[in-house]
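Chemist: Model the following, please.
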Amino acid sequence: MMRSPGPAFDLRAAMSQELSAAIEELDASGGRPKAVHRCRVRIKRARALARVGRAGAPGLAEVFNDSAQGVMRMLGQARDLAALAETARRAAKKGDKREAEALLHTAFSLDAERGFLPPLDIDGAHAGLKALLALAQVWPEASHRQIKRGAERVIRRARKARRRGRGSDQPAHRHEWRKREKDRFYAALLLDEAWPTPRRLKLGDKLGDVLGEERDALLLLERIEADPAIAGEGKAAKRATRILRRRCVRFADRADALGARVHSGRA
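Modeler: Residues are numbered from 1 along each chain as shown. The predicted structure is shown next:
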């Protein structure tokens, strides 16, 4: 006799838990970049679940994603500058003396720029997160089939983005691949046994990190090319961009190799 399946994955509860945690992180952050980053990660995890839940509630998923993007933009500016400054400091450790000086000068310039930003609108972001939580709490109950369909869609999107992004010299293609791999990783992590294929969490996490390192290096490279003065005088910008280009190539090669392992077989 065929055994009936157990309860379906509780998507509504999982999304609500992530957003409640995001609110707690934000309220305790004091605007500090690392705490804001943790809040943003929680939102990304909830968005990955919403993409799984799209199979049963496509209209609600669309509204949720648009609203989440608005909150992410609200939280992003100061965090983005902090991430670029940290990227410059890490890259400085890999260069010669003059390259390091140029990158440390860049980090100092970005830190100074961040100091002139208006304070984070914590009240506005809090209200946005409460609205997202309200959407999560009315999400319709998802069946086993809907969860499976939603997870498979997340996988297909990651595979498609990888096919377009691997070996590409187009930053937009690489960035899209990174986003889709993050969706896959968070969804696989949170769905646990409800995930329909091998999860490969360690590889997926590493792939997301490497694509993120590449993305930050590319963004910093573009920033210095647009405003060479942030690296210092003379040939400082040229020295800084030289090492950043090397890092981009190295991270791209590592990401392409990891992507092949993550997506091999049925994963």
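Chemist: residues near the nearest residue to residue 62 once chain neighbours are set aside, how many?
Modeler: Residue nearest to residue 62 in three dimensions, not counting chain neighbours: residue 54, with 8.0 Å by CB to CB, 6 or more residues apart in numbering. C-beta coordinates here come from the backbone N, C-alpha and C atoms, glycine included. Neighbourhood size, residue 54 [other CB atoms under 10 Å]: 20.
Chemist: what's the answer for the one 3 residues further on, then?
Modeler: Summarising burial for residue 57: neighbours were counted as other CB under 10 Å, giving 20.
Chemist: Tell me where this structure has strands.
Modeler: In the chain, no segments count as strands under DSSP state E.
Chemist: any weak-confidence spans in it?
Modeler: 1-7, 266-267 (pLDDT under 70).
Chemist: mind redoing it with 50?
Modeler: 1-4 (pLDDT under 50).
Chemist: gap between the helix ranked longest in it and the chain center?
Modeler: In the chain, assigned by DSSP state H, the helix with the most residues is helix 58-92. For helix 58-92, the separation from the chain centroid amounts to 8 Å (computed by CA atoms, centre = their mean, to the nearest Å).
Chemist: In contact with residue 16, which residues?
Modeler: 133, 136-137 (CB atoms under 8 Å, 6 or more residues apart in numbering).
Chemist: Please apply the same query to residue 121.
Modeler: So residue 121 contacts residue 74 (CB under 8 Å, 6+ apart).
Chemist: what's the distance between residue 237 and residue 104?
Modeler: Using CB to CB, to the nearest Å, residue 237 is found at 13 Å from residue 104.
Chemist: and if you look at residue 263?
Modeler: On the measure of CB to CB, residue 263 and residue 104 end up 38 Å apart.
Chemist: what's near enough to touch the residue nearest to residue 62?
Modeler: Contacts of residue 54 (CB under 8 Å, 6+ apart): 61-62, 150, 153.
Chemist: Ok, residue 224 next?
Modeler: Contacts of residue 224 (CB under 8 Å, 6+ apart): 106, 230-231, 237, 240-241, 244.
Chemist: mind putting the residues you listed in a markdown table, distance to residue 207 and neighbour count included?
Modeler: Formatted as a markdown table, these follow (distance: CB to CB, whole Å; neighbours: other CB atoms under 10 Å):
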| residue | distance to residue 207 | neighbour count |
| --- | --- | --- |
| 106 | 27 | 31 |
| 230 | 30 | 23 |
| 231 | 30 | 28 |
| 237 | 31 | 20 |
| 240 | 27 | 31 |
| 241 | 26 | 21 |
| 244 | 21 | 27 |
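Chemist: ok, which pair from those is furthest apart?
Modeler: Within the contacts of residue 224, 230 and 244 form the most distant pair, 12.7 Å apart (CB to CB).
Chemist: on that earlier part again, which ones among the contacts of residue 16 lie within helices?
Modeler: Those of the contacts of residue 16 lying in helices (DSSP H): 133, 136-137.
Chemist: And the residues you listed, which is closest to residue 173?
Modeler: Using CB to CB, residue 136 comes nearest to residue 173 of these, at 31.0 Å.
Chemist: Surely that closest one and residue 20 touch.
Modeler: No. Counting by CB atoms under 8 Å, residue 136 sits too far from residue 20 to count as a contact (9.2 Å).
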